[in-house]
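**Q** sequence and computational prediction follow.
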Amino acid sequence: MTPSRPRYARIEQLTDGLLRDAGVTAPAVPIDDITRSRGITIRQMDLKEISGLVVRDADVTVIGVNKAHHLTRRRFTTAHELAHALLHEGKEVRYDKDFRVDFRSGMSSLGVDVEEMEANFFAACILMPRRFLEADPLMSDMDAEDAAKTVKALADRYKVSPHAMSIRLGNLAARSTSRAGVRG
Ligand SMILES: [Zn+2]
């Protein structure tokens, strides 16, 4: 069953649990180990324009990752496909072409596929955990002039692309602003 809107709270709980179970307390998150710990096989494949895929039957789940892609992109793909494997039952084979790394909330009204939003949010949460970022010393060094440099340093540390990191930081900042009770 496809949910009608992304299950953000559930996904944060799920990714926190996966990180705890794996004993991960600092970046970079070993996404391949976490995926394999769920009994899932990862294959680096020649996939042309496909970024990643999930194939499953009763006994086995395989995630295929485009081996031509850069490490940070392959890590994001693995996390994205792991989300489909854990959250989205029903399809035996699922391909992802060029999914957008944009995992901002509030896009469901624009007709963006809810499962894709969930998979991207899951990938962001597990690769760039909120509690890691909030405690990261680099975050306190962030200033407007050097923001791009700090984002790059964080991206290197978490082994994600600077683009993915900047979106994640923007989302977290937006959320903490709304949590602080800012009213229009
Ligand atoms: Zn997908």
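**A** Perfect, thanks for sending it. Residues are numbered from 1 along each chain as shown.

**Q** quick check: residues of the chain near the ion?
**A** Contacts of the chain with the ion, taken as Cβ under 5 Å from the ion, map to 96, 116, 119. (Each C-beta comes from the backbone N, C-alpha and C, glycine too.)

**Q** any chance of these in CSV, with neighbour count too?
**A** Putting the residues of the chain next to the ion into CSV (neighbours: other Cβ atoms under 10 Å) gives the following:
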residue, neighbour count
96, 19
116, 20
119, 30
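
**Q** next, the buried residues of stretch 82-101.
**A** By 16 or more other Cβ atoms under 10 Å, the buried positions in stretch 82-101 come out as 82-88, 94, 96, 99, 101.

**Q** what strand or helix carries the residue positioned nearest the centre of the chain?
**A** Centroid-nearest residue in the chain: residue 123, 1.0 Å away (criterion: Cα atoms, centre = their mean). Per DSSP states H and E, residue 123 falls inside helix 114-127.

**Q** then residue 19?
**A** Per DSSP H and E: helix 8-21 holds residue 19.

**Q** quick one: contacts of that helix?
**A** Defining contact as Cβ atoms under 8 Å, 6 or more residues apart in numbering, one finds that helix 8-21 is touched by 29, 34, 37, 83, 86-87, 105, 118, 121-122, 125-126, 129-131.

**Q** what about 6 Å?
**A** Contacts of helix 8-21 from elsewhere in the structure, counted by Cβ atoms under 6 Å, 6 or more residues apart in numbering, are 34, 121-122, 125-126.

**Q** tell me the angle of that helix relative to helix 114-127?
**A** Angle between the axes of helix 8-21 and helix 114-127 is 40 degrees (criterion: axes from the mean of the first three to the mean of the last three Cα atoms, to 10 degrees).

**Q** mind giving me the packing neighbours of whichever helix or strand comes after helix 8-21?
**A** With elements assigned by DSSP H and E, the helix or strand that comes after helix 8-21 is helix 31-37. Packing contacts for helix 31-37, counted by 3 or more Cβ pairs under 6 Å, 6 or more residues apart in numbering; DSSP states H and E, involve helix 71-87.

**Q** what about the helix holding residue 19, distance to the chain center?
**A** Put simply, helix 8-21 sits 12 Å off its chain's centre (Cα atoms, centre = their mean, to the nearest Å).

**Q** so for that helix, mean pLDDT?
**A** The average pLDDT within helix 8-21 is 97.

**Q** got the buried residues for that helix?
**A** Taking 16+ other Cβ under 10 Å as the criterion, helix 8-21 shows 8, 11-12, 14-15, 18-19 as buried.

**Q** output that helix as PDB, nothing but the C-alphas.
**A** Extracted C-alpha coordinates of helix 8-21, given in PDB (Å, rounded to 0.1, in the frame of the first residue of the first chain):
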ATOM      1  CA  TYR A   8       8.700  11.300   8.100                       C
ATOM      2  CA  ALA A   9       8.500  10.500  11.800                       C
ATOM      3  CA  ARG A  10       8.400   6.800  11.200                       C
ATOM      4  CA  ILE A  11      11.400   7.000   8.900                       C
ATOM      5  CA  GLU A  12      13.400   8.900  11.500                       C
ATOM      6  CA  GLN A  13      12.600   6.200  14.000                       C
ATOM      7  CA  LEU A  14      13.500   3.500  11.600                       C
ATOM      8  CA  THR A  15      16.800   5.000  10.600                       C
ATOM      9  CA  ASP A  16      17.700   5.800  14.300                       C
ATOM     10  CA  GLY A  17      17.000   2.200  15.100                       C
ATOM     11  CA  LEU A  18      19.200   0.900  12.200                       C
ATOM     12  CA  LEU A  19      22.100   3.100  13.300                       C
ATOM     13  CA  ARG A  20      21.700   2.000  16.900                       C
ATOM     14  CA  ASP A  21      21.500  -1.700  16.000                       C
END
